[in-house]
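Asks: give me a model of this one.
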Amino acid sequence: MSAAAPPHPVSVVGIGADGWSGLSGGARAALWEAEVVIGGARQLELLPPECAGVRVAWPSPLRPAVPRLLAEHRERRIAVLASGDPMFYGIGRALAEELGPDALRVLPHPSSVSYACARLGWPLEDTEVVTLVGRPAARLAASLHESRRLLVLSADASTPATVAALLTAHGFGPSRLRVLEQLGSEAETYADGIAETWTHAPGDRLNVIAIDCRASADALRLGTVPGLPDEAYEHDGQLTKRHIRAATLATLAPAPDELLWDVGGGSGSIAIEWMRAHGSCRAVSVERDPARAERITRNAERLGVPGLRVVTGPAPASLSELASPDAVFIGGGLTAPGLLDACWEALRPGGRLVANTVTLESESLLGEWYRSYGGELTRLAVAHAVPVGGFTGWRQAMPVTQWSVSKPSFAASVPVPGDRT
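Replies: A predicted model of the protein is given here:
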């Protein structure tokens, strides 16, 4: 909460495409009584003349204007119009963050998602919702799985074509798309088609896209757990391989809302799969090589986590301005002076640090830190069956030494690595 609560509760009224006729008596009364009504220009036009309050249209960008407009009209009775349910990807969240929930009176309307599920006969609780309003379309890729039902909240009339192209590019061209427009109004309509043959012209900007996911026969299968196929990544050899990656992510143990530092990003696989674990997981990948940094960005886009932040520069110098992490993975550059110290110092109390290496020099360093800080020191070895003449034998990959440790959640005297006193 950042703004002082007004003397009167702010009424947050959800309104649909059906306008005034679809509002409840309580919602109409709140708008009649309001001295100031704030909303989008389209929403304000839905109100009748009897709503005599001063009408204020949201500027663009909207979010920075919220505290200013609330302060400007603080002494008056305020009503804010929202599309559908104000607390479902709506303005209600921003208002609650500014004023606190006790300063609001929220009057929801059925959301576009509720209308869409009603029209399609889809159980709401089994339907995943992805919003592309103010967000990159690439984030949809993380939700594509065979037979999954998705509802996409469109940014505008061009979104359906963008979604169709994305589905086709990711091996989901056979998926069925239905674009439902102006849900709840007398002008309600929809378009139907297949992603890879989508030819419908842009329609109304108020639309929701329903997707029945169907993968093509040659689509690469991407599961929901860590350990995606190595072929899912563009790389130059600097890639934590699939089985080691799965073991590493299991040790890092991502949880909602947590932040990871991926130091020595390589191809970005650890940070990408950390973010795929939950939609609210965040990550920063630090990579000193510009070409690899660009490659990480491309991999993140393709695998549905375009929000991955990529920092190009050496560590530990590039770490100083970053937010404190809940977990740190060090996949390269362990012997850089001060790197482990900087990561440990920045790590939040109770956070996890995991470091992998294949070299004797770095392994020796990890051994020192293990003796000083505890944790677990593990040797990971993977072998693959390969042809040997007319027979089959095992080819051993380089073993990986992994040190993992949790930072104490209380202040304690911690020995310096190498100190034997």
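Asks: with adjacent residues omitted, what lies nearest to residue 228?
Replies: residue 222 (5.6 Å; CB to CB, 6 or more residues apart in numbering). From N, CA and C alone the C-beta is placed, and that goes for glycine too.
Asks: how many residues are close by the one you found?
Replies: Look at residue 222: counted by other CB atoms under 10 Å, it has 18 neighbours.
Asks: now swap in the one 3 residues further on and tell me
Replies: As a burial measure, residue 225 scores 11 neighbours (other CB under 10 Å).
Asks: spatially central, which residue of this structure would that be?
Replies: residue 279 (4.0 Å; CA atoms, centre = their mean).
Asks: how about the strands in the stretch 51-200 of the chain?
Replies: With DSSP state E, counting those that start in this stretch, the ranges of strands along the stretch 51-200 of the chain come out as 54-57, 78-83, 104-107, 128-131, 149-153, 176-181, 189-194.
Asks: and those as a markdown table, adding mean pLDDT and distance to residue 30?
Replies: As requested, the strands of the stretch 51-200 of the chain are exported to a markdown table (pLDDT from 0 to 100; distance: least, CB to CB, whole Å):
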| stretch | mean pLDDT | distance to residue 30 |
| --- | --- | --- |
| strand 54-57 | 96 | 15 |
| strand 78-83 | 96 | 5 |
| strand 104-107 | 96 | 6 |
| strand 128-131 | 97 | 26 |
| strand 149-153 | 98 | 25 |
| strand 176-181 | 98 | 28 |
| strand 189-194 | 97 | 31 |
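Asks: if we can go back for a sec, separation between the residue nearest to residue 228 and residue 170?
Replies: 9 Å (CB to CB, to the nearest Å).
Asks: anything in contact with each of those two?
Replies: Common contacts of residue 222 and residue 170 (CB atoms under 8 Å, 6 or more residues apart in numbering): residue 144.
Asks: quick one on the thing from earlier: next up, the contacts around the residue nearest to the centre of the chain.
Replies: residue 142.
Asks: SS state for it?
Replies: Here residue 279 is coil, with the state taken from DSSP: H, G, I helix; E, B strand; the rest coil.
Asks: quick check: phi and psi on it?
Replies: Residue 279 adopts backbone torsions of phi -60, psi -20, taken as degrees, to the nearest 10.
Asks: just the pLDDT at the residue lying closest to residue 290 once chain neighbours are set aside, thanks.
Replies: Leaving aside its sequence neighbours, residue 290 sits nearest to residue 312 (CB to CB, 6+ apart; 5.5 Å). Listed pLDDT for residue 312 reads 97.
Asks: then the one 3 residues further on?
Replies: pLDDT, the model's per-residue confidence, is 96 for residue 315.
Asks: now swap in the one 5 residues further on and tell me
Replies: Per-residue confidence at residue 320 stands at 92 (pLDDT).
Asks: residues near it, how many?
Replies: For residue 320, using other CB under 10 Å, the count is 9.
Asks: now do the one 10 residues further on
Replies: Burial of residue 330 is recorded as 25 neighbouring residues (other CB under 10 Å).
Asks: surely it touches residue 341?
Replies: No: using CB atoms under 8 Å, residue 330 is not in contact with residue 341; the gap is 11.8 Å.
Asks: returning to that earlier point: quick one: closest of the strands of the stretch 51-200 of the chain to residue 295.
Replies: Residue 295 sits nearest to strand 128-131 of all the strands of the stretch 51-200 of the chain, at 25.3 Å, using CB to CB.
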